[in-house]
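Visitor: let me see the structure of the following:
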Amino acid sequence: MARVLITGGAGFIGSHLCESFLERGDAVVCVDNFLTGSRENVFSFSSHSRFTFIDHNVTRFLQVDGPVDMVLHFASPASPVDYLELPIPTLKVGSLGTHNALGLAKAKKALFLLASTSEVYGDPLIKPQREDYWGNVNPVGPRGVYDEAKRFAEAMTMAYHRYHGLNTRIVRIFNTYGPRMRMRDGRVVPNFITQALRGEGLTVYGKGTQTRSFLYIDDLVRGIHRLVESDYHLPLNLGNPHEVTVLDFAKKILELTGSKSPIIYKPLPQDDPQVRQPDISKARQLLGWEPQVSLDEGLIKTMQYFSQRLRG
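Guide: Residues are numbered from 1 along each chain as shown. Now for the predicted structure:
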């Protein structure tokens with residue numbers, strides 16, 4: 001049995017990781033301050049004998065009693081709504097929070113995994129995006145607070161690996177969706193699903209020709225477990241290489257929900273990426289991993305979750 005500490009453990013991805021490690025027989029320490037996470041996300045397993053919750057802001061010094069075998073750093077606002085409303089906390093959790101989480105892993109001689117993001121590629125000039133692509137990021141634009149926080153976090157993680165010999169992993173997560181996303185998250189999946197279920201217009205920015213790729217949460221969690229069990233220290237993409245335009249995705253949501261909602265077009269936000277498609281060759285080669293859940297299957301499960309939330 002391992003003892004796993006997960007920062008941001010009450011968030012969308014973090015809570016699924018907490019649950020999966022408990023199911024594997026591990027002890028889990030969840031650290032969150034509910035800036036964007038939710039008590040509801042961990043409620044179903046909060047009374048588990050191997051689950052511990054710590055209400056803490058990781059931008060402050062982080063101390064935990066007892067042994068820790070793994071530190072998974074998932075604390076961060078992660079949607080455009082969040083990091084545009086919370087620019088300074090986003091920068092602080094990517095810098096100070098990462099430093100504190102790395103410091104804890106070093107003190108406990110624990111494995112450290114950083115949750116990075118496809119946003120480190122910015123508005124990419126190549127596709128699919130490979131891990132050796134350095135990106136096209138506007139450091140002073142409104143999205144720069146998230147992009148640069150994650151790029152800094154990657155640099156600090158690699159510095160701890162090289163200088164201190166810390167056993168580290170970096171996962172670059174592409175658009176992931178599933179139950180426990182917030183309805184007012186601001187990302188395209190919860191936006192479109194809740195708008196369709198409520199009979200509201202689906203908001204498409206620009207002409208909807210920008211592309212995204214969507215990975216179901218169960219596939220991501222499976223990939224993270226395999227990455228932790230590997231010995232690969234450089235950044236690794238986890239995402240679905242199947243690319244779809246935002247407009248086609250909106251039409252798919254209307255089809256699956258049976259909604260008669262109109263599609264409403266609005267101006268494209270600044271620095272909104274025009275393409276998002278991961279190259280997962282390394283994940284296939286090193287982890288034997290690729291997505292298994294089809295888009296329709298994952299969306300139906302996610303729609304069921306949002307439908308229950310809307311009913312109250």
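
Visitor: shouldn't Ile54 be within a strand?
Guide: Yes: according to DSSP: H, G, I helix; E, B strand; the rest coil, Ile54 belongs to a strand.

Visitor: give me the number of residues near it?
Guide: For Ile54, the neighbour count with other C-beta atoms under 10 Å is 16. (Each C-beta comes from the backbone N, C-alpha and C, glycine too.)

Visitor: is it true that it touches Val28?
Guide: No: with contact defined as C-beta atoms under 8 Å, Ile54 does not reach Val28; the gap is 11.0 Å.

Visitor: in terms of helices and strands, where is Val29?
Guide: Per DSSP states H and E, Val29 falls inside strand 27-32.

Visitor: now Phe152: how far from Lys260?
Guide: For Phe152, the distance to Lys260 (C-beta to C-beta, to the nearest Å) stands at 45 Å.

Visitor: which parts of the next helix or strand after the strand holding Val29 are buried?
Guide: The first helix or strand that comes after strand 27-32 along the chain, using DSSP H and E, is helix 39-43. The neighbour-count check on helix 39-43 (16 or more other C-beta atoms under 10 Å) flags 41-42 as buried.

Visitor: could you do stretch 243-261 as well?
Guide: So stretch 243-261, judged by 16+ other C-beta under 10 Å, has buried residues 243-244, 246-247, 249-251, 253-254, 256-257, 259, 261.

Visitor: list the contacts of that stretch.
Guide: Contact with stretch 243-261 is made by 127, 188, 192-193, 195-197, 199-202, 204-205, 207-214, 263, 275-277, 295-296, 299-300, 303, as judged by C-beta atoms under 8 Å, 6 or more residues apart in numbering.

Visitor: so Cys18 touches Phe45, yeah?
Guide: Yes: under the criterion of C-beta under 8 Å, Cys18 makes contact with Phe45 at 6.9 Å.

Visitor: so what's the gap between the longest helix along the chain and the chain middle?
Guide: Counting by DSSP state H, the longest helix found in the chain is helix 144-164. Centroid separation between helix 144-164 and its chain, computed with C-alpha atoms, centre = their mean, to the nearest Å, is 16 Å.

Visitor: ditto for stretch 101-119
Guide: Distance of stretch 101-119 from the chain centroid (C-alpha atoms, centre = their mean) equals 15 Å.

Visitor: end to end, how far does that stretch reach?
Guide: In stretch 101-119, first residue to last residue: 21 Å (C-alpha to C-alpha, to the nearest Å).

Visitor: what separation is there between Arg162 and Met156?
Guide: Separation of Arg162 from Met156 (C-beta to C-beta): 11 Å.

Visitor: ok, the residue lying closest to Gly288 once chain neighbours are set aside - how many residues close by?
Guide: In space, and not counting its chain neighbours, Gly288 is closest to Arg226: 7.3 Å by C-beta to C-beta, 6 or more residues apart in numbering. Neighbourhood size, Arg226 [other C-beta under 10 Å]: 17.

Visitor: sorry, back to before: what's the closest of the buried residues of stretch 243-261 to Arg60?
Guide: Closest to Arg60 out of those is Val246 (38.3 Å), distances taken as C-beta to C-beta.

Visitor: how about that closest one: what's its closest non-neighbour residue?
Guide: Per C-beta to C-beta, 6+ apart, closest to Val246 is Gly208, 4.5 Å.

Visitor: burial count for that neighbour?
Guide: So Gly208, with other C-beta under 10 Å, has 18 neighbours.

Visitor: ok, it touching Tyr265?
Guide: Yes: Gly208 lies in contact with Tyr265 (C-beta under 8 Å); the separation is 7.3 Å.

Visitor: mutual contacts of these two, please.
Guide: The contact lists of Gly208 and Tyr265 share no entry, where a contact means C-beta under 8 Å, 6+ apart.

Visitor: so which strand or helix has the residue sitting furthest away from the middle of the chain?
Guide: In the chain, Lys260 marks the outermost C-alpha relative to the chain mean, sitting 30.6 Å out by C-alpha atoms, centre = their mean. Assigned by DSSP H and E, Lys260 belongs to no helix or strand.
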